[in-house]
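**Q** model the structure of this input:
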Amino acid sequence: MGFKESIASIDERFNNSKIGKFFEVGARGSKLSTEIGAGTATFMTMAYILAINPSILSESGGPCVPPDGNIFAPEYEACIEEVKRQYITSTAIGSMIGCVVMAMLANLPIALAPGELAPTTIARMGMNAYFTYNVVGWRGTGGVPWDTALTAVLALTGARFAMAKLIPEPIRMATAPGIGAFLAHLGLQTANGLGLVVSDIATAVTLGACPLEKRTPIVAYDDDCANNGICITSDAYTCDVLGGRMTSATTWIGILGLVIMISLQAYKKNYSIIVGIFFVTIISWFRNTAVTYFPDTPQGNERFEYFSQVVAVEPINLLFAKYGKDLKAAVLALFTFLYVDFLDTTGTFLGLVSHMGLLDENGDFPRSKLAFSADAIATMCGSLFGLSPVTSVVESAAGVEAGGRTGVTALVAATYFLLSIFFAPIFASIPPWATGGSLILVGSLMCRNLPLIKWHRADHAVTAFATIILMPLTYSIAYGIVGGILIWTAVQCIFYALKLVGIPLPYSEDEEEISDDIVKPKHIGHDEDPTVHVGKDDGPEGELELETVEEEAFHTEQRAASVLSA
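**A** As a prediction, the model looks like this:
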């Protein structure tokens, strides 16, 4: 028996086992080897959270107390460094628990991690960045103590399911493409991707890809920066000052990884993302090269020193169960956590399950209530370890695209997080330009829902477009959904207000009025039933059949469902 036959035999036995039937692996058209590959792809695209989340959350100061209020004292700096290392362990534990809960309760291939994996301190987006810079404040300079903020995170519960079902149809259809655009936007930037798109003083964003020595950092020039010299730096930078566009070697090696992924994906290889990430990562681990993740700089040397440990387990005594008693000071933070977490989680769920073909016409999916409950449980468990809200992450799309269809994918990701507790130096050293290509690839593939949007209806079209475009431009899934809801609500209110004064709705409630300008011609043969032909011209290639956009979208949906089931 060859290798492929052995794998096929293992897959078959697993699908027929009690575990396989519990997770409905065979029923959803998947198999163990595919789920393992999908879980690996998901983890590889989100492994950088093990490095980024500790870096952001530790800047809140955590439980460290500055002597005499001096936030620059050496002992305070040392305490923050220790908190940062402990956050690596707590991030891995919190993510592992979230993945296991999602797998066991909801049976979805969705991984969880602290915050929205889109950290950028200059924009202060992402739940972890909001927790650090807006709630607690940099090194505790905000209005809410660190332990009180954790209590606000704990107070988040799963009362979000009923609200999710109220989301209008065009927003549901636009969420997956919007998340796709958001993912591609992340993959094109430096913090999480290739570095092709960078900041620009005049136009906000522009073409970048300049090397490290050509980058001019951009800071938040607020009152603290102007008066006290406390300037919040970030990964945002511009290439306008020193030039060097498209000369970054790391960008080009990342593009090569993307080309490898696309090529393998074209051949329907589920391991395309994994191979591309591994290829770029291994090359980037060699020192003294133009693409090294460990350059000869203080930061590069620190990374390499940590990477060289290979195995390291950090304690969490400074972070575990450090709750405060006064929740009044965190009311605003609690409200913000609630609506941002709800909207981001809802958007992620709708986008991914729609991509999997599990979303029904009412916007619901199997075990949806348990899925929201799992997300809430993960948030509460994460707060035990000093984490910002542990929520479902859009990088799970990489696993879905690799074929993941069940909770086994989430369990595989959980296993990797378990291993990362011991091998954190390895997993924390995956460079962003290695994973950026996967975000772009997955983002493009998530736009398959676009034909399902009713573009012939202005209210649907503008609502969907606003939802899609606002997600990448505002750096938030939540803002995209909010924008779509506001537009939809305003337009529908106008429609029904006009109806009250006798002006009919622009579209029939029972059957939509399709104007001539959105009817699509399609040639058919003479031998077909002429009763279905509506065209005027009889040519040598046959008559014209008029197919509405809605009918075309329906057929497209059916074809997509067939492909997914296959």
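**Q** can you name every helix or strand that the helix or strand where residue 186 lies contacts?
**A** Taking DSSP states H and E as the criterion, residue 186 maps to helix 169-188. Applying 3 or more C-beta pairs under 8 Å, 6 or more residues apart in numbering; DSSP states H and E, one finds that helix 169-188 contacts helix 331-356, helix 396-401, helix 432-445, helix 458-473, helix 477-500. Backbone N, C-alpha and C define where each C-beta goes, glycine included.
**Q** secondary structure class for the residue nearest the centre of the chain?
**A** For the chain, residue 394 is the residue whose C-alpha lies nearest the centre (C-alpha atoms, centre = their mean; 2.3 Å). Three-state call for residue 394 (DSSP: H, G, I helix; E, B strand; the rest coil): coil.
**Q** so for residue 411, what's the pLDDT?
**A** Residue 411 carries a pLDDT value of 96.
**Q** contacting residues around it?
**A** 39, 99-100, 103 (C-beta atoms under 8 Å, 6 or more residues apart in numbering).
**Q** quick one: low-confidence parts of the stretch 251-400 of the chain?
**A** Applying pLDDT under 70 to the stretch 251-400 of the chain flags residues 270, 316, 318-344, 363, 388.
**Q** please, where are all the helices along it?
**A** 272-284, 298-308, 331-356, 368-384, 396-401 (DSSP state H, counting those that start in this stretch).
**Q** any chance of the ones you listed in TSV with distance to residue 465 as columns?
**A** Listed next are the helices of the stretch 251-400 of the chain as TSV, based on distance: least, C-beta to C-beta, whole Å:
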stretch	distance to residue 465
helix 272-284	29
helix 298-308	41
helix 331-356	16
helix 368-384	26
helix 396-401	21
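**Q** out of these, deepest packed?
**A** helix 396-401 (a mean of 29; mean count of other C-beta atoms under 10 Å).
**Q** chain center to that helix: distance?
**A** Here the centre of helix 396-401 is set off from its chain's centre by 10 Å, with C-alpha atoms, centre = their mean, to the nearest Å.
**Q** can you check stretch 245-265 too?
**A** With C-alpha atoms, centre = their mean as the basis, stretch 245-265 stands 21 Å off its chain's centre.
**Q** got the buried residues for it?
**A** Judged by neighbour count (16 or more other C-beta atoms under 10 Å), stretch 245-265 contains these buried residues: 245, 248, 250-258, 260-261, 264-265.
**Q** before we move on, what about stretch 80-97?
**A** Buried residues in stretch 80-97 (16+ other C-beta under 10 Å): 80, 82-97.
**Q** narrow those residues to those in helices?
**A** Using DSSP state H, 80, 82-97 are the members of these that sit in helices.
**Q** any regions of the stretch 451-566 of the chain where pLDDT drops low?
**A** 508-566.
**Q** quick check: phi and psi on the residue nearest to residue 436 when sequence neighbours are not counted?
**A** Spatially, and ignoring its direct neighbours in sequence, residue 436 is nearest to residue 193 (2.7 Å; C-beta to C-beta, 6 or more residues apart in numbering). Main-chain torsions, residue 193, degrees, to the nearest 10: phi -160, psi -140.
**Q** quick one, what contacts residue 193?
**A** So residue 193 contacts 186-187, 254, 432-433, 435-437, 439-440 (C-beta under 8 Å, 6+ apart).
**Q** tabulate those (TSV), appending distance to residue 416.
**A** Listed next are the contacts of residue 193 as TSV, based on distance: C-beta to C-beta, whole Å:
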residue	distance to residue 416
186	20
187	21
254	22
432	18
433	21
435	14
436	20
437	20
439	18
440	22
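**Q** what is the nearest of those to residue 174?
**A** Nearest to residue 174, judged by C-beta to C-beta, of the contacts of residue 193 is residue 186 at 18.3 Å.
**Q** buried residues in the host helix or strand of residue 9?
**A** Take DSSP H and E as the rule and residue 9 turns out to sit in helix 3-16. Neighbour-count burial for helix 3-16 flags 11, 14-15 (criterion: 16+ other C-beta under 10 Å).
**Q** show the average pLDDT along it.
**A** Here the average pLDDT along helix 3-16 is 89.
**Q** can you give me how far the next helix-or-strand element following it is from the chain middle?
**A** Toward the C-terminus, helix 3-16 is succeeded by helix 18-22 as the next helix or strand (DSSP H and E). Offset of helix 18-22 from its chain centre (C-alpha atoms, centre = their mean): 29 Å.
**Q** same question, stretch 178-196
**A** For stretch 178-196, the distance to the chain centre is 10 Å (C-alpha atoms, centre = their mean).
**Q** with stretch 6-24 instead?
**A** 29 Å.
**Q** use 488 as the first number for this chain going forward.
**A** New numbering, starting at 488: the last item is stretch 493-511.
**Q** how far does that stretch stretch from one end to the other?
**A** 22 Å (C-alpha to C-alpha, to the nearest Å).
**Q** ok, and what's touching that stretch?
**A** 488, 512-514, 518-520, 590, 594, 893-895.
**Q** quick check, nearest of the buried residues of helix 490-503 to residue 865?
**A** residue 501 (26.1 Å).
**Q** I'd like the buried residues of helix 490-503 laid out as JSON lines, including distance to residue 716.
**A** Compiled in JSON lines, those are given as follows (distance: C-beta to C-beta, whole Å):
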{"residue": "498", "distance to residue 716": "60"}
{"residue": "501", "distance to residue 716": "59"}
{"residue": "502", "distance to residue 716": "62"}
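**Q** tell me the buried residues within the contacts of stretch 493-511.
**A** 512-513, 518-520, 590, 594, 893-895.
**Q** brilliant, that's me finished.
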